[in-house]
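In: just to be clear, the model below is a prediction. Sequence and coordinates:
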Amino acid sequence: MQADRHVQVAVAISDLAGTEGVPVAFSHVCRACASWLDIDGVSLCLPGDLGPAEPMYATDAVSAYVAELEITLGEGPGVEALRTSDAVLAEDLTDSHSLRRWPVLAPTAVPAGALALYALPLTAGGPAVGVLELYRAGPHVLAGQQLADAQLFADAALAIMVNDAESGRNRWPGVLDGPFAARWMRIYEAVGTVAAQLETSLVEAYLSLRARAFATDSALGRLAELVVSGEVRFTPDARGGDTR
């Protein structure tokens, strides 16, 4: 029964948190999901104030890279799941359908090691308030009980958000830990710098930063580091341009 699976998934997540002696957080949902489904990696993103999404956690470097890539490009299963509130399953990013649907993301994610992506929205019937995205290193059909279990993990992440909201807590900054989170905080710092250089809003500065990353085929996090260090500057007459 699905109710039994729900309990089993909840126990798997809570046991992982229990071994660390900390409250259940997004990181435990993602790591338990990867182990339970024998998936290569999992990431979790929430809608961002500046753009389509903001990463909360990633289990590994490939998950982090793909999440950052989707945010930079504004395309991919995760972005679509957030926009449509429906699950988006890409079972083989090398097939013609995926290449037409995500012409920039697909050929970039595959060499990085993600050949299949599955995005599960965090939703209770309304607009998605987040997305849990899984990847496999090879083509794979996520269906049946495996897909149902994946949705249970997305529901568990949603429950964390609901519980925190009801209790007046906001534990989200606390789950932003590790290299992925540090890189993302550097991106926010870079957005502020670009906004000052261009004398524009933070949203427009973020768009300029993403556009520059795309145009130069740079990782968003790496470009942010160069902006913060002063090695790259944005000028009003050449947005996305730089001086060194």
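Out: That came in fine, so what should we check first? Residues are numbered from 1 along each chain as shown.
In: distance of Ser14 from Gly130?
Out: Distance, Ser14 to Gly130, by Cβ to Cβ, to the nearest Å: 20 Å. The C-beta positions use only the backbone N, C-alpha and C, and glycine is treated the same way.
In: compare those two (neighbour count), which wins?
Out: More crowded of Ser14 and Gly130, by other Cβ atoms under 10 Å: Gly130, with 24 against 15.
In: excluding its backbone neighbours, what's nearest the more buried one?
Out: Excluding the flanking residues, the one nearest Gly130 by Cβ to Cβ, 6 or more residues apart in numbering is Leu122, at 3.7 Å.
In: mind saving the C-alpha coords of whichever helix in the chain runs longest as PDB?
Out: The residue-count maximum for a helix in the chain (DSSP state H) belongs to helix 144-167. The C-alpha atoms that make up helix 144-167 are tabulated as PDB, following Å, rounded to 0.1, in the frame of the first residue of the first chain:
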ATOM      1  CA  GLY A 144       5.600   2.700 -11.600                       C
ATOM      2  CA  GLN A 145       6.500   2.300  -8.000                       C
ATOM      3  CA  GLN A 146       9.900   4.000  -8.500                       C
ATOM      4  CA  LEU A 147       8.200   7.100  -9.800                       C
ATOM      5  CA  ALA A 148       5.600   7.000  -7.000                       C
ATOM      6  CA  ASP A 149       8.400   6.700  -4.400                       C
ATOM      7  CA  ALA A 150      10.200   9.700  -6.000                       C
ATOM      8  CA  GLN A 151       7.100  11.800  -5.500                       C
ATOM      9  CA  LEU A 152       6.900  10.700  -1.900                       C
ATOM     10  CA  PHE A 153      10.400  12.200  -1.400                       C
ATOM     11  CA  ALA A 154       9.200  15.400  -3.100                       C
ATOM     12  CA  ASP A 155       6.200  15.400  -0.700                       C
ATOM     13  CA  ALA A 156       8.600  15.000   2.200                       C
ATOM     14  CA  ALA A 157      10.500  18.100   1.100                       C
ATOM     15  CA  LEU A 158       7.200  20.000   0.900                       C
ATOM     16  CA  ALA A 159       6.300  18.900   4.400                       C
ATOM     17  CA  ILE A 160       9.600  20.500   5.700                       C
ATOM     18  CA  MET A 161       8.600  23.800   4.100                       C
ATOM     19  CA  VAL A 162       5.000  23.600   5.500                       C
ATOM     20  CA  ASN A 163       6.200  22.600   9.000                       C
ATOM     21  CA  ASP A 164       8.700  25.400   9.100                       C
ATOM     22  CA  ALA A 165       6.100  28.000   7.900                       C
ATOM     23  CA  GLU A 166       3.600  26.800  10.500                       C
ATOM     24  CA  SER A 167       6.100  27.000  13.300                       C
END
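In: would you map out the domains in this structure?
Out: 2-172, 178-229 (automatic domain parsing).
In: what about the longest one, distance to the chain center?
Out: The chain centre lies 7 Å from the centre of domain 2-172; the measure is Cα atoms, centre = their mean, to the nearest Å.
In: cool, the shortest one as well?
Out: For domain 178-229, the gap between its own C-alpha mean and the chain's C-alpha mean amounts to 16 Å (Cα atoms, centre = their mean).
In: what's the answer for stretch 223-242, then?
Out: With Cα atoms, centre = their mean, you get 24 Å for stretch 223-242.
In: pLDDT of that stretch, averaged?
Out: Average pLDDT, stretch 223-242: 79.
In: for that stretch, list every residue counted as buried.
Out: Buried residues in stretch 223-242, counted by 16 or more other Cβ atoms under 10 Å: Leu223, Ala224, Glu225, Leu226, Val227, Val228, Val232, Arg233, Phe234, Arg239, Gly240.
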